[in-house]
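> Sequence plus the predicted model coming up.
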Amino acid sequence: MTSSTYQAEIGSVVKFPTGLLATDKGFSAAPTGVSAAGTSCSNPATFNLNTTANSNIVAGHLVYDVQVNATSGAPAATKFNVTFVLGSTTFGPLCIQTLAVLSGSIDCKFDIASTTLPASPYTFKVTIQ
């Protein structure tokens, strides 16, 4: 008889005081490379249907995804920086912006520059400010 160890991540939801709602979508391997988008506040990603802001993504690397939704409590036409910290390494920021109409979502994706996660246990944190 042999035993196997499995580890899983379950998504979580956190509502930020700024009127944004963030949903943890976890880590996944990037099937293809994707050029960076929304990495500068001079050209932010704006809330709409199926919008993505991401660091430069390399095929095969692990990518962390957090979906950010605008709620009626969010300030209109406001820019926010989204950062991701894995262990002691910071990724980002990505710049996202609400519009006059407060709806839609943005998937914020961060390439962690590795094909494996750090040794367990590890910590990660998302900050939107």
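Cool, the structure landed.
> Just give me the neighbour total for the spatially closest residue to Thr23 that is not a sequence neighbour.
Excluding the flanking residues, the one nearest Thr23 by CB to CB, 6 or more residues apart in numbering is Gln67, at 4.5 Å. Quick note: C-beta positions are derived from backbone N, CA and C, even for glycine. With neighbours defined by other CB atoms under 10 Å, the count for Gln67 comes to 17.
> Ok, Ala100 next?
Neighbour tally, Ala100, other CB under 10 Å: 6.
> need the contact list for it.
Applying CB atoms under 8 Å, 6 or more residues apart in numbering, we find Ala100 in contact with 76-77.
> could you redo the last one with a cut-off of 6 Å?
Residues near Ala100 by CB atoms under 6 Å, 6 or more residues apart in numbering: Ala76.
> tell me which element it falls in.
For Ala100, there is no enclosing helix or strand under DSSP states H and E.
> Secondary structure element for Gly60, which one?
Using DSSP H and E, Gly60 sits in no helix or strand.
> Equivalent analysis for the one 3 residues further on, please.
Following DSSP H and E, the helix or strand that holds Val63 is strand 62-70.
> re earlier: contacting residues around the residue nearest to Thr23?
Contacts of Gln67 (CB under 6 Å, 6+ apart): 23, 25, 105, 107.
> which stretches of this structure have low pLDDT?
The model of the chain has pLDDT under 70 over residues 1-18.
> any chance you could map the strands in it?
Ranges of strands in the chain, per DSSP state E, are 13-15, 20-29, 45-46, 51-54, 62-70, 79-86, 89-97, 105-111, 124-128.
> most packed of those?
Most buried of the strands of the chain, by mean neighbour count (mean count of other CB atoms under 10 Å): strand 105-111, with a mean of 23.
> For that one, give me every contacting residue.
45, 47, 51-55, 57-58, 61, 63-69, 82, 84, 91, 94, 96.
> Any chance of the strands of the chain in TSV with distance to Gly38 as columns?
Formatted as TSV, those follow (distance: least, CB to CB, whole Å):
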stretch	distance to Gly38
strand 13-15	20
strand 20-29	15
strand 45-46	3
strand 51-54	3
strand 62-70	11
strand 79-86	9
strand 89-97	5
strand 105-111	8
strand 124-128	13
